[in-house]
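**Student:** what would the 3D arrangement of this be:
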Amino acid sequence: MTEALTSHPDLPLNDTPAAGLPPAAPGVEAAVHAIADRSRAASREMARANRAWKDRGLRAIGAALLEHRGTILAANAKDVAAGRANGTSAALLDRLTLNDARIEALAAALDNLAGLPDPVGNVVRGQTLPNGLRLRQVNVPMGVVAAIYEARPNVTVDIAGLALKSGNAVILRGGSAAAETNIALINVLRDALVSVGLPADAVQSVDEYGRDGANVLMRARGRVDVLIPRGGRDLIQTVVTNSAVPVIETGEGNVHIFLDASADEKMAVEILLNAKTQRPSVCNTVETLLVHSGSTVLPAVADALRAAGVTLHTDARVTAALPSVETVPATDVDWATEYMDLNLAVAMVDSMDEALAHIRSWSTGHTEAIVTNDLANAERFIAEIDSAAVIVNASTRFTDGGELGLGAEVGISTQKLHARGPMGLTELTTTKWIVQGEGQVRA
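**Tutor:** Got it, this is the predicted structure:
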């Protein structure tokens, strides 16, 4: 389930347009604007940095994370202890927690990111007009990218790394739940940038200004080029509703898997276990299972999930089909819920039409998957499902920038303008037209 917004006193609590947000405390607006102006200056330096220079910065950050892991883990331990004392759920504590393996994974992701092609300067298209004008549309950095997120210190590194590689400066708002960890991480990132001659102000934070800082950041149109929220539904909708800065909406993941009548039992069991239990606290975890009434795999899948500790919230037909399996009656709340925990809603359908209708009714447009041995069903599912990612015969956990070869991701966009799906390097660029002539004038 998503974290309630009221559990985050540092986030803006307001349903009115950005112009109606409460005024910031004295001095906060000026301070955040100064941060944004320094980011703008840093973004101009980053836009001039070539690939080799940016890659040195990424590798320096990765090395610094490993070198200073003791400091980072000590800060993270304070955040985790505070979260546990405040009654934070196990799923959210998992997202908040760093350990040696996760820090090593962050460093490895930065190294992988350094090995990817630089999107800046990539020619999208070009031509020479009959009048001799030479046209090119090329990828260029966004400029100043801001992110508001919650209890996810890995996002601090992921977003900073992607922003830097794509030639941007970034302003981060990581929330109070990870405050100590983010201070430690941002200090490491800034020092590493300076060590290779890149501007420290390419990575900044407004965390010290709390809710007021987030409000000002959302109003900073013209100073901030794009704002990306990452977190639960309440956080995302608060930013979308209140921001005057253009927003790329990263959506919640009410993710579905449909087992059609031809689904292979072994494949279905392995995919469901991975999609539900490999890391249940993330947005690409399956939350609803739809099973065709003609399928024979439901008992094996249910037994495997229950053995893994998953609570099954089942409709009446599934409950009747599993007389020896412990289940909980499902309601409409279950079909709408992003559990982010070891819970799974399960429904039985009689046709592809029924499965598609259920998904259309309840999906958040993130990821949907089908398990099938019927090519026609697979092709129809691909054609008719309108989500950012559609998967055939594989786990939904692959909807991830790193897994799809993007190095890392800023988030998974569920909107249709500018970017959709995992947002990597290219999605943090825009384009501009370059027109070169030899004295041509328009008739």
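**Student:** any idea of the mean pLDDT in the longest helix belonging to the chain?
**Tutor:** Of all the segments assigned as helix in the chain under DSSP state H, the longest by residue count is helix 28-48. The average pLDDT within helix 28-48 is 97.
**Student:** how long is stretch 165-173 from one end to the other?
**Tutor:** Start-to-end span of stretch 165-173 (CA to CA, to the nearest Å) is 20 Å.
**Student:** again with stretch 426-440
**Tutor:** 33 Å.
**Student:** got a list of contacts for the longest helix of the chain?
**Tutor:** With contact meaning CB atoms under 8 Å, 6 or more residues apart in numbering, helix 28-48 is reached by 23-24, 54, 120, 140-141, 143-144, 164, 167-171, 198-202, 204, 206, 209, 212-213, 216-217, 220, 223-224. C-beta here means a position set from N, CA and C on the backbone, and glycine is covered the same way.
**Student:** show me where the stretch 51-200 of the chain has its strands.
**Tutor:** With DSSP state E, counting those that start in this stretch, the ranges of strands along the stretch 51-200 of the chain come out as 123-128, 134-141, 144-149, 169-173.
**Student:** given the longest one, what are its sheet partners and their directions?
**Tutor:** Note on strand 134-141: by DSSP bridges, its sheet partners are strand 123-128 (antiparallel), strand 429-436 (antiparallel).
**Student:** can you check the third one too?
**Tutor:** In the sheet, strand 144-149 lines up against strand 169-173 (parallel), strand 226-230 (parallel) (DSSP bridges).
**Student:** now do the first one against helix 28-48: the angle between them, please.
**Tutor:** Relative orientation of strand 169-173 with respect to helix 28-48: 140 degrees, computed using axes from the mean of the first three to the mean of the last three CA atoms, to 10 degrees.
**Student:** mean confidence (pLDDT) on strand 169-173, please.
**Tutor:** 97.
**Student:** what comes up buried for stretch 226-235?
**Tutor:** 226, 227, 228, 229, 230, 231, 232, 233, 234, 235 (16 or more other CB atoms under 10 Å).
**Student:** go ahead and confirm the fifth one touches residue 148.
**Tutor:** Yes: the pair formed by residue 230 and residue 148 meets the contact definition of CB atoms under 8 Å, at 7.4 Å.
**Student:** picking up where we left off before, of all the strands paired with strand 144-149, which one comes closest to residue 127?
**Tutor:** Residue 127 lies closest, by CB to CB, to one member of these: strand 226-230, at 28.7 Å.
**Student:** and the closest one, what's its mean pLDDT?
**Tutor:** Strand 226-230 comes out at a mean pLDDT of 92.
**Student:** also stretch 373-387?
**Tutor:** Taken as a whole, stretch 373-387 carries a mean pLDDT of 96.
**Student:** got the CA coordinates for it in CSV?
**Tutor:** What follows is stretch 373-387, C-alpha atoms only, in CSV (Å, rounded to 0.1, in the frame of the first residue of the first chain):
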residue,chain,number,x,y,z
ASN,A,373,1.4,-20.2,-25.1
ASP,A,374,-1.0,-18.7,-27.5
LEU,A,375,0.6,-16.3,-30.0
ALA,A,376,-2.7,-14.7,-31.0
ASN,A,377,-3.5,-14.0,-27.3
ALA,A,378,-0.1,-12.5,-26.8
GLU,A,379,-0.4,-10.2,-29.8
ARG,A,380,-3.9,-9.1,-28.8
PHE,A,381,-2.7,-8.3,-25.3
ILE,A,382,0.2,-6.3,-26.6
ALA,A,383,-2.1,-4.3,-29.0
GLU,A,384,-4.9,-3.6,-26.5
ILE,A,385,-3.2,-2.9,-23.2
ASP,A,386,-2.5,0.8,-22.9
SER,A,387,0.3,0.8,-20.3
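**Student:** buried sites along it?
**Tutor:** So for stretch 373-387, counting by 16+ other CB under 10 Å, buried means 377, 378, 380, 381, 385, 387.
**Student:** can you redo these as TSV with secondary structure?
**Tutor:** TSV is the format used below for these (DSSP: H, G, I helix; E, B strand; the rest coil):
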residue	secondary structure
377	helix
378	helix
380	helix
381	helix
385	coil
387	coil
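**Student:** pick the one among those closest to residue 187.
**Tutor:** Closest to residue 187, out of all of these and judged by CB to CB, is residue 387, at 38.7 Å.
**Student:** got TSV for the strands paired with strand 134-141, with mean neighbour count too?
**Tutor:** Below are the strands paired with strand 134-141 laid out as TSV (neighbours: other CB atoms under 10 Å):
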stretch	mean neighbour count
strand 123-128	11
strand 429-436	13
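**Student:** right, and the ones you listed - which one's nearest residue 344?
**Tutor:** Closest to residue 344 of the strands paired with strand 134-141, according to CB to CB: strand 429-436, at 37.9 Å.
**Student:** which outside residues touch that closest one?
**Tutor:** Against strand 429-436 from outside (CB under 8 Å, 6+ apart): 119-120, 124, 133-142, 166-167.
**Student:** run the chain-centre distance for that strand.
**Tutor:** 27 Å (CA atoms, centre = their mean, to the nearest Å).
**Student:** pull it out as CSV, backbone CA atoms only.
**Tutor:** Only the C-alpha atoms of strand 429-436 are listed here, as CSV (Å, rounded to 0.1, in the frame of the first residue of the first chain):
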residue,chain,number,x,y,z
THR,A,429,17.1,15.7,-22.6
THR,A,430,15.0,17.8,-24.9
THR,A,431,15.8,18.8,-28.5
LYS,A,432,16.7,21.9,-30.4
TRP,A,433,16.9,22.7,-34.1
ILE,A,434,20.2,23.8,-35.6
VAL,A,435,19.9,25.7,-38.9
GLN,A,436,23.1,26.4,-40.8
